[in-house]
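A.B. asks: Okay, sequence plus prediction incoming.
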Amino acid sequence: MALEEVLLQRLNGGQRGPTVRFWEWQERALVLGSNQVLANEVDLEAAAALGFQVTRRMSGGGTMIVEPGRTISYSLYAPETLVAGMTLVESFAFFDSWAVECLRELGVPAGYQPINDIVSPRGKIGGAAQARRRGGVLHHTTIAFDLETDLVRRLIRVGRERVSARGVRSADKAVSPLHWFLDLTREAVLEALINCFLNRHPSTVRPLTAEELTAARDLAAQKYATPEWIDRLS
């Protein structure tokens with residue numbers, strides 16, 4: 001989560017060009033949106049019992065469930081001029097249009113449902129969120145490749161009474177993981193998405209810099225790993 005902010009800052013400062021990043025999760029986590037109240041959204045007892053960490057991102061939206069080896073995540077960092085003239089809703093569809101097209105090419109019956117969902121006829125495949133700072137846009141998307149769908153109601157307090165009157169609530173939506181539609185492994189799907197993006201947008205492939213990683217670790221220690229940030233709207 002800290003790295004997302006660091007890379008957006010690098011884009012805005014001219015140290016990095018427009019970027020797409022595909023990345024992994026190291027542990028099971030529940031990712032709160034920036035304007036959510038922890039007590040409203042997460043069943044902390046269930047999260048602890050099932051080994052889920054809780055974190056918060058800089059973008060809005062609802063709570064996401066992520067797991068190593070079962071989730072596909074990508075982030076786009078771009079100047080806001082790229083979506084000039086578009087409404088916020090239109091910009092969400094624009095940033096995820098390539099992924100929807102690529103999933104269709106793989107045989108997934110994928111579509112887009114405003115404001116921010118990649119969907120199938122059976123439910124939500126993935127969701128996106130955005131943050132805009134100083135002329136730059138962070139758009140990141142989480143796709144469920146494999147998910148025990150009953151975890152949603154066990155971990156996220158959808159449909160339950162509010163603890164606090166503050167904060168954005170997570171929506172109650174059916175989830176349809178990608179593996180329902182594909183015989184491919186998650187790694188094969190990830191490789192196909194990367195190649196599909198590169199075919200549409202020829203790019204230079206390179207790793208993150210040591211300086212970016214160090215800055216992210218520092219920001220995590222100062223902000224993203226602190227109780228003050230994670231439970232900041234309580």
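C.D. replies: Here it is on my side, so go on. Note that this is a predicted model, so its numbers are computed, not measured.

A.B. asks: Please spell out which residues along the longest strand out of those in the chain are buried.
C.D. replies: Assignment by DSSP state E gives strand 123-133 as the longest strand of the chain. For strand 123-133, burial by neighbour count (16 or more other CB atoms under 10 Å) applies to Lys124, Ile125, Gly126, Gly127, Ala128, Ala129, Gln130, Ala131. (C-beta placed from N, C-alpha, C; glycine too.)

A.B. asks: May I have the beta-bridge partners of the fourth one?
C.D. replies: Gly127 forms beta bridges with Asp117, Thr142, as assigned by DSSP bridges.

A.B. asks: got a pLDDT number for it?
C.D. replies: We have a pLDDT of 97 for Gly127.

A.B. asks: quick one: it from Ile65, how far?
C.D. replies: Distance, Gly127 to Ile65, by CB to CB, to the nearest Å: 10 Å.

A.B. asks: what's the answer for the last one, then?
C.D. replies: Counting by CB to CB, the gap from Ala131 to Ile65 is 20 Å.

A.B. asks: How about the fifth one?
C.D. replies: Using CB to CB, one gets 15 Å for the distance from Ala128 to Ile65.

A.B. asks: The third one too?
C.D. replies: Remark: distance between Gly126 and Ile65 (CB to CB) = 11 Å.

A.B. asks: shared neighbours, these two?
C.D. replies: Each of Ala144 lies in contact with both Gly126 and Ile65 under the rule CB atoms under 8 Å, 6 or more residues apart in numbering.

A.B. asks: what about the protein, any weak spots by pLDDT?
C.D. replies: For the chain, applying pLDDT under 70 flags the ranges 234.

A.B. asks: count of residues packed around the nearest residue to Ser164 once chain neighbours are set aside?
C.D. replies: Excluding the flanking residues, the one nearest Ser164 by CB to CB, 6 or more residues apart in numbering is Val37, at 4.5 Å. Burial measure for Val37: 20 neighbouring residues, criterion other CB atoms under 10 Å.

A.B. asks: OK, contacts around Val37?
C.D. replies: Counted by CB under 8 Å, 6+ apart, Val37 has contacts Val163, Ser164, Arg166, Gly167, Leu233, Ser234.

A.B. asks: Spit out the contact partners of the fifth one.
C.D. replies: Leu233 makes contacts with Asn35, Gln36, Val37, Leu38, Ser164, Arg166, Gly167, as judged by CB under 8 Å, 6+ apart.

A.B. asks: Can you tell me the SS state at it?
C.D. replies: With DSSP: H, G, I helix; E, B strand; the rest coil as the basis, Leu233 sits in coil.

A.B. asks: Show residues contacting stretch 111-120.
C.D. replies: Contacts of stretch 111-120 (CB under 8 Å, 6+ apart): 61, 88-89, 92-93, 96-97, 99-100, 103, 108-110, 124-130, 141, 143, 173, 176, 180-181.
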